[in-house]
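# Just need the structure, nothing else, for what follows:
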Amino acid sequence: MRATIKDVARESGVSVSAVSMALSDKPSRISRETKQKVKEVAERLHYQPNRAALSLVNRESKMIAIVMNDIRNTHIAAEFMAINRELSGKGYSLLSHILEEQTRDSSMKLIRQIAAENVAALIWAKPLEVDNMEDLQSLRKSVEGLGIPVITMDDYGFDCPGVDVCFDYRQGGFLATEHLLELGHRRIGCLAGDRTYQVTQERIDGYRRALENFDVPYDEKLVYYGDYTMGSGYEAFSYLMGQGVSAIFSSNDEMAFGLYRAARNYGIHIPTDISLVGFDNVPFADIMETPLTTVRVPSVEMGGFIGRTAIELLGTTRDEKRKKILYKPDLLRRGSAIAKDV
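Below is the predicted model of the structure:
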């Protein structure tokens, strides 16, 4: 049963109005100690403010919230713009939140804020983190308690109306690595992203499966963990070249661009000295001096679908089951990967 403001007031030993003021984060007569106590009780009870009480009478919210952890990546920015284009075209506003901190407290605070914003739906676009079931369970209860449709880009296991719009990163990692193996490469470096993200592990799973299919043993020394930025790709280059690789699978194009930059500075040529396959197919991938072979992620298509789906979900009931959409990858063969000299 969903906790009410009265439950929080009773557990905190204060009035309902005091709870309201303590959770508003606005200047008030409530002491700092009381505010902290009320917030701790609200989090423990998974309390979310009643959206209906916040709405104007007989007026539906025209705002949809989106939570991301980073919009600097070109792939993510393209998806965001496609979502916004669909929503604004139908008279909806996109309320953006950037959640950079990787802590449960920051997530719970943001969800309380979203609950107070009277949004009609939530797009939770923050990557799913692995090996943290306690935080995930807490997140599930808090998000489900919002009582609104929720769209994700990972399978969070939410039990509320909505859609999980996912991409087959395992198959993408497999296709990229398989292509390099078919070209005769056997010592293939893997430039991975943030090791805490599920999508990072899925790409590595695909990489490992392709190696296994070609009877090439997996070597953890050939995996370098970056952070999906160009800078981390640049830093990875010298390490992977030091491992004697003849090819590199980069988990996104941004890091691949860092590899291009490092190769130029070291006087190493792509693809004659090192073959390279990226992931995402962001703009500029095909206009490099040596166009980048990469796995295509249909960012604009996925973003448009998410925007349209968010609006369609507004009429759903609480009992409607969640759906999952899985987009499939395809490999775009360009000039950055060639056959290995025997």
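# make it CA atoms for all contacts and neighbour counts henceforth
Fine.
# Quick check: mean pLDDT of stretch 252-271?
Stretch 252-271 shows a mean pLDDT of 97.
# Flag every buried residue along it.
Using 16 or more other CA atoms under 10 Å as the test for burial, stretch 252-271 gives 252-263, 270-271.
# Residues touching it, excluding its own?
73-74, 191, 193, 226, 228-238, 250, 274, 276-282, 285, 290, 294, 335-338 (CA atoms under 8 Å, 6 or more residues apart in numbering).
# same question, stretch 210-228
73, 174-175, 177-178, 181, 186, 188-195, 208, 232-233, 236, 239-240, 243, 245, 251-252, 254-255.
# now swap in stretch 163-172 and tell me
Stretch 163-172 has contacts (CA under 8 Å, 6+ apart) with 150-155, 199, 202-207, 279, 295, 297, 302, 306, 309, 322-331.
# now do the same end-to-end measure for it.
One end of stretch 163-172 sits 22 Å from the other (CA to CA, to the nearest Å).
# and the next element down the chain from the helix or strand bottoming out on mean pLDDT in the chain?
Ranked by mean pLDDT, DSSP states H and E, the weakest helix or strand in the chain is helix 51-54, scoring a mean of 44. Of the helices and strands lying after helix 51-54 in sequence (DSSP states H and E), the nearest is strand 63-68.
# Could you list every helix and strand in contact with that following strand?
Contacts defined by 3 or more CA pairs under 8 Å, 6 or more residues apart in numbering; DSSP states H and E place strand 63-68 against strand 93-98, strand 121-124.
# and the next element down the chain from it?
helix 74-89.
# Tell me how far Val124 lies from Arg322.
Not quite, residue 124 is Trp, not Val. Counting by CA to CA - Trp124 and Arg322 are separated by 14 Å.
# who has more neighbours, these two?
Trp124 (21 against 16; other CA atoms under 10 Å).
# how about the helices in the stretch 101-250 of the chain?
104-115, 133-144, 169-182, 198-213, 230-242 (DSSP state H, counting those that start in this stretch).
# Tell me which residues of the helix or strand containing Val8 come out buried.
Assessed by DSSP H and E, Val8 sits inside helix 5-12. Neighbour counts using 16+ other CA under 10 Å place 5, 7-9, 12 of helix 5-12 among the buried residues.
# could those residues go into a markdown table alongside pLDDT and distance to Asp168?
Below are these laid out as a markdown table (pLDDT from 0 to 100; distance: CA to CA, whole Å):
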| residue | pLDDT | distance to Asp168 |
| --- | --- | --- |
| Ile5 | 83 | 42 |
| Asp7 | 87 | 43 |
| Val8 | 88 | 42 |
| Ala9 | 83 | 46 |
| Ser12 | 86 | 46 |
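# Output those as JSON lines; include the columns distance to Arg44.
Below are these laid out as JSON lines (distance: CA to CA, whole Å):
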{"residue": "Ile5", "distance to Arg44": "13"}
{"residue": "Asp7", "distance to Arg44": "11"}
{"residue": "Val8", "distance to Arg44": "9"}
{"residue": "Ala9", "distance to Arg44": "13"}
{"residue": "Ser12", "distance to Arg44": "11"}
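# Of all the helices of the stretch 101-250 of the chain, which one is nearest Cys160?
helix 133-144 (5.8 Å; CA to CA).
# now what about the closest one, what contacts it?
46-48, 104, 107-108, 111, 156-160.
# Can you say which of the contacts of stretch 163-172 are buried?
Buried, going by 16+ other CA under 10 Å: 150-154, 199, 202-207, 279, 295, 297, 302, 306, 309, 322, 329, 331, out of these.
# quick one: pLDDT of the spatially most central residue of the chain?
Geometric centre of the chain, nearest residue: Pro127, 2.9 Å, by CA atoms, centre = their mean. With respect to pLDDT, Pro127 scores 92.
# check contacts around it.
Pro127 touches 69, 153-154, 197-199, counting by CA under 8 Å, 6+ apart.
# With distance to His97 added, can I get those in CSV?
Listed next are the contacts of Pro127 as CSV, based on distance: CA to CA, whole Å:
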residue, distance to His97
Asn69, 8
Met153, 16
Asp154, 18
Tyr197, 19
Gln198, 21
Val199, 21
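# How about the nearest residue to Ala337 once chain neighbours are set aside: which residues does it bridge to?
Excluding the flanking residues, the one nearest Ala337 by CA to CA, 6 or more residues apart in numbering is Ser275, at 4.3 Å. Applying DSSP bridges to Ser275 gives these bridge partners: Ala247.
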